[in-house]
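Trainee: give me a model of this one.
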Amino acid sequence: MLKEFREFAMRGNVVDLAVGVIIGAAFGAIVTSLVADIIMPIIGLITGGMDFSDLTYQLKAAMLGPDGKEIPAVTINYGKFINLVITFLIVAFTMFMVIKGMNQLKRKEAASPAPPPVPTPEEKLLTEIRDLLAKGR
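Mentor: You can find the predicted model right below:
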């Protein structure tokens, strides 16, 4: 069982997938920081200092429970949702540009003609025989 697992884990596709997941996680952290630390403050400045992550709609106010402990307010945090939508759009656009670039490289590769294959010794001999027969006619 250990041998089978090692063969499975060492396949090229599994290793490539693992590398992709790790890079994707790091890329996600970078995009999250970009949105939270750079883009949203600029949008907040444009909108008069509003911080989207603090935008909420209160369904029920906070209150004291019968035991004297505070029961927190029930809110819909739509500002955080706006931040996540912007993050998603940036990631989606970036992935679109990466895939588009890869497709262009594949098209260029497919468009360039491959050199003709080198004839094998048998093909050369058959070509000579064909040529001699053609001369004899």
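
Trainee: which stretches of the chain form strands?
Mentor: 57-60, 63-64, 70-71, 74-76 (DSSP state E).

Trainee: if we compare those strands, which one ends up closest to residue 88?
Mentor: When the strands of the chain are compared for distance to residue 88 using Cβ to Cβ, the nearest one is strand 74-76, at 18.8 Å. Bear in mind the C-beta positions are built from the backbone N, C-alpha and C, glycine included.

Trainee: follow-up on the earlier one: and the strands of the chain: which comes nearest residue 2?
Mentor: Closest to residue 2 of the strands of the chain, according to Cβ to Cβ: strand 74-76, at 50.1 Å.

Trainee: just give the strands next to the closest one in its sheet, each with its orientation.
Mentor: Counting by DSSP bridges, the strands paired with strand 74-76 are strand 57-60 (antiparallel).
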